[in-house]
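Student: Turn this into a model:
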Amino acid sequence: MARRILDFENPAVSAYDNYVPQFLFDSIPVKGLKRPHSLSASKKALWPIWRAFFNMNQGLDNMILQDAYISTISGRCVDFLSWLAVAKGSKPVLELRDPSGNKQEDLKQIESDQKIIQEMIKIDNSVGDPDDETEEYEHTLIEKQRGMFTNALVYGKATNIRIVEGNKYNLVPLHSRDIVYNIVNEKWKLEALHTTLSNEPYTMNNLIYAEYNPENPVYNTLYNGFPFSVRALDSSRTLRRLKGKDFQLIAKKHWTGSSLIAMTRRDGKSDAEALMKKLNAGEIYASEETDPEKAYKIHDIPLKTDSRDLIEMAKYCTNDVISTYGIPTSLFFDESAANMATLLGKLRFFQKVIENEWRSWFAPIWGKQWYQRNFKTHYANDDKEFLSRYRIKCEFEDIDFESDEDKMKAILLLNKIAPLNIEAIGERLGDDNFASKIDPEKQAVQDESFSVTDETGKVSTIDKV
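Tutor: Predicted structure coming up:
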């Protein structure tokens, strides 16, 4: 009788292993379904001709996407994109609705009305305000934005419910799984979301709604978006099986080995069944056989121990996932592929090209649905002139990857073109308090070179340009 003697059971197969996301698409007339009470009378009259587009992610679809995000490098890629795209967070920017054509005059006009921006920043800071006297724990606006970006890439869409209580603004995340269908009006514009959280649909004026690739070519997915993470799903799931099951199975099989035990039958009976129920690798056993070496013959069965093909497959899947998200692999691993200079170059290229691609989609969502809406709400009862003069757009502030030495060289080059004032130099250095640090009793260095010490204590010599 032969049987493998192992100290473990084979990994169980779950629905995650064989299920393929279906992404069912359907739309229906919404006649007979509950309509929002907040609709105007004219819109209520048109209700029967509106349509609803069901959430294309079915229950198990969401679980598969969630599992890939949690358990594979695909999730790390999404986090990395979110970190770089949102970066230091958003800032409101005034934009004239009807510019005069004279850039200098337009800039002066915008500069004179910066109090609008200060009011918008106060609203931003009220989300997750650490000085909130209620002492309620809440995430900050930048965390809300990163979460929304992440969910939109993983599930195709992301939603936050906007709640205003006096001067306090709050954003409550609504998971994609809780969205039943999108309600589209007679003009084919998104009007509301029907969810599992409330019998009353949420109208769009109470939501911030983001959908990845809104005008995608997938049939019947209006306002549903498209889960970007699906493009890396096959490699992610293969990698998860390799690391979570195959590698573990092979490691244990290589350690325990596999054997065949040959034994003689006594009185027409065999001890094989009883023996196999007890045997575990690495344990000590006793036998009543007078000559166990003669009664039992153990033959080792050689196993294939070369796992290089699986390792290469894991490397391929890892590279495939990372490249799907457009991220240079040297930013994640394989430091030998780049030194510091080339690594910074790749990171800056990624920041300027790939990151701006994501921002061109994500920033207008926050500009229109957050800043512009807050602008209208804040100045609804007065200062109507501001509303007719300006709109507010959203910009995300970059993470600075330049070294102090690079910044100083750039300042010296700019000074050859036109002398910079102290405020401009401080802005280039990323130091808002640079002007207050200038010692008026000392003269500037006039030598051909000077030294700069960075945060780590490293001293760099910069030649005069």
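
Student: show me what contacts the residue most central in space within the chain?
Tutor: Nearest to the mean C-alpha position of the chain, counting by CA atoms, centre = their mean, stands residue 150 at 3.1 Å. Residues in contact with residue 150 (CB atoms under 8 Å, 6 or more residues apart in numbering) are 69, 78, 79, 82, 158. From N, CA and C alone the C-beta is placed, and that goes for glycine too.

Student: The spatially closest residue to the first one that is not a sequence neighbour - how many residues pack around it?
Tutor: For residue 69, ignoring the flanking residues on the chain, the nearest one in space by CB to CB, 6 or more residues apart in numbering is residue 75 at 3.9 Å. One way to gauge burial is a neighbour count; for residue 75, by other CB atoms under 10 Å, it gives 19.

Student: What mean pLDDT does whichever strand or helix holds the residue nearest to the centre of the chain get?
Tutor: Element membership of residue 150, judged by DSSP states H and E, is helix 141-155. For helix 141-155, mean pLDDT is 93.

Student: now swap in stretch 347-358 and tell me
Tutor: For stretch 347-358, the mean per-residue pLDDT is 80.

Student: Off-centre distance for that stretch?
Tutor: Here the centre of stretch 347-358 is set off from its chain's centre by 15 Å, with CA atoms, centre = their mean, to the nearest Å.

Student: Can you give me the end-to-end span of that stretch?
Tutor: One end of stretch 347-358 to the other measures 15 Å (CA to CA, to the nearest Å).

Student: mind listing what's buried in that stretch?
Tutor: 347, 350, 351, 354, 355, 358 (16 or more other CB atoms under 10 Å).

Student: ok, and what's touching the helix or strand harbouring residue 82?
Tutor: Element membership for residue 82, per DSSP H and E: helix 73-86. The contact list for helix 73-86 (CB under 8 Å, 6+ apart) reads 68-69, 142, 145-146, 149-150, 153-154, 229, 232-233, 236, 239, 318, 321-322, 324-325, 327, 331-332, 350-351, 355, 358-359, 362, 396, 399.

Student: so the helix ranked longest in the chain versus helix 73-86, what angle?
Tutor: The single longest helix within the chain, with elements called by DSSP state H, is helix 308-324. Helix 308-324 runs at 20 degrees relative to helix 73-86, counting by axes from the mean of the first three to the mean of the last three CA atoms, to 10 degrees.

Student: Can you give me the pLDDT of residue 17?
Tutor: pLDDT for residue 17: 68.

Student: any idea which helix or strand of the chain has the worst average confidence?
Tutor: When each helix and strand of the chain is scored by mean pLDDT, DSSP states H and E, strand 449-453 comes last, with a mean of 55.

Student: do you know how far the residue nearest to the centre of the chain is from residue 223?
Tutor: Distance, residue 150 to residue 223, using CB to CB, to the nearest Å: 20 Å.

Student: And residue 147, by the same measure?
Tutor: Going from residue 147 to residue 223 by CB to CB gives 20 Å.

Student: which SS state does residue 387 fall under?
Tutor: At residue 387 the chain is in helix, as set by DSSP: H, G, I helix; E, B strand; the rest coil.

Student: How about it: what's its closest non-neighbour residue?
Tutor: Nearest residue to residue 387 in three dimensions, chain neighbours excluded: residue 379, at 5.6 Å (CB to CB, 6+ apart).

Student: for residue 342, same thing?
Tutor: residue 330 (7.9 Å).

Student: is it true that that neighbour touches residue 345?
Tutor: No - the criterion here is CB atoms under 8 Å, and residue 330 misses it with residue 345 at 10.4 Å.

Student: give the contact list for residue 91.
Tutor: 121, 394, 395, 396, 397.

Student: Any chance of the backbone angles for the third one?
Tutor: Just to be clear, that refers to residue 395. phi -130, psi 150 (degrees, to the nearest 10).

Student: Give me the neighbour count for it.
Tutor: Neighbour number of residue 395 under other CB under 10 Å is 13.

Student: quick check: domain ranges of the protein?
Tutor: Domain assignment for the chain, taken from automatic domain parsing, gives 18-232, 404-463.

Student: Can you check the pLDDT for the residue nearest to residue 342?
Tutor: Looking at residue 330, its pLDDT is 74.

Student: for it, helix, strand, or coil?
Tutor: Under three-state DSSP, residue 330 falls in the helix class.

Student: tell me the SS of residue 198?
Tutor: Looking at residue 198 with three-state DSSP, the answer is coil.

Student: Distance check, it against residue 162.
Tutor: Distance from residue 198 to residue 162, by CB to CB: 15 Å.

Student: With neighbour numbers in mind, choose between the two.
Tutor: Between residue 198 and residue 162, residue 162 has the larger neighbour count (other CB under 10 Å), namely 20 against 11.

Student: Leaving out chain neighbours, which residue sits closest to the more buried one?
Tutor: The shortest distance from residue 162 to any non-neighbouring residue, by CB to CB, 6+ apart, is to residue 206 (5.5 Å).
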